[in-house]
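Trainee: what would the 3D arrangement of this be:
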Amino acid sequence: MGNYFEYLHTVGFEETNIVGNVYYVNYLRWQGRCREMFLKLHAPDVLADLQADLKLFTLKVDCEFFAEITAFDELSIRMRLVDLAQTQLEFSFDYVRLDLGERETLIARGRQRVACMRGPNSRTVPSRVPESLTRALEPYLS
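Mentor: Numbering: from 1, shown residues only. Here you go, the predicted model:
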């Protein structure tokens, strides 16, 4: 399954607790960062649309752990499109530790459901997923 967008990350000390394990919230932050980098590289017009009135609301997020990671582990966060509806998207994220050599270890798996909305904050309404975003995500459909 090579149809994923990849965001590479090196774990830092500030992302760990006193015993050296990564805080749960960082896994969720990395999902957001991966999504942002995808937009920057593959759908920059959506970034401009976000500056206007498009809003991407995260409706649901989860993460299941299989192994621990610590500071200076090298990660590949791999995003795939799971579902594309008229106004919502769902992504999956595989967190893979890139060990020395060619070995990889799946350390966690997450999901995220996002709704597209438009309008001022007091009157925001559901909106279709932008066509350019749909096109950019097609290669990453799992």
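
Trainee: could you list the low-pLDDT ranges of the chain?
Mentor: In the prediction, the chain carries residues with pLDDT under 70 at positions 1-2.

Trainee: so which bits of the lengthiest strand in it are buried?
Mentor: When every strand of the chain is counted residue by residue (DSSP state E), the longest turns out to be strand 104-118. By 16 or more other C-beta atoms under 10 Å, the buried positions in strand 104-118 come out as 107-118. Just so you know, the C-beta spots here come from the backbone N, C-alpha and C atoms, and that holds for glycine as well.

Trainee: following that strand, which helix or strand shows up next?
Mentor: Toward the C-terminal end, the helix or strand that comes next after strand 104-118 (DSSP states H and E) is strand 125-126.

Trainee: phi, psi for the residue nearest the centre of the chain please.
Mentor: Ranked by distance to the mean C-alpha position of the chain (C-alpha atoms, centre = their mean), the top residue is residue 31 at 3.1 Å. Main-chain dihedrals, residue 31, degrees, to the nearest 10: phi -60, psi -50.

Trainee: quick one: contacts for it?
Mentor: In this structure, residue 31 makes contact with 61, 63, 77, 79, 91, 93, 110, 112, judged by C-beta atoms under 8 Å, 6 or more residues apart in numbering.

Trainee: kindly recompute the last result at 7 Å.
Mentor: Applying C-beta atoms under 7 Å, 6 or more residues apart in numbering, we find residue 31 in contact with 61, 93, 110, 112.

Trainee: show me what the second one is bridged to.
Mentor: With DSSP bridges applied, the residues forming beta bridges to residue 93 are residue 79, residue 110.

Trainee: check the burial of it by counting its neighbours.
Mentor: Around residue 93 there are 26 other residues, counting by other C-beta atoms under 10 Å.

Trainee: distance check, it against residue 86.
Mentor: According to C-beta to C-beta, to the nearest Å, residue 93 stands 23 Å off from residue 86.

Trainee: and what of the third one?
Mentor: Using C-beta to C-beta, one obtains 24 Å as the distance from residue 110 to residue 86.

Trainee: now for the longest strand of the chain, which elements pack on it?
Mentor: Taking 3 or more C-beta pairs under 7 Å, 6 or more residues apart in numbering; DSSP states H and E as contact, the helices and strands that strand 104-118 lies on are helix 24-42, strand 54-65, strand 88-98, strand 125-126.
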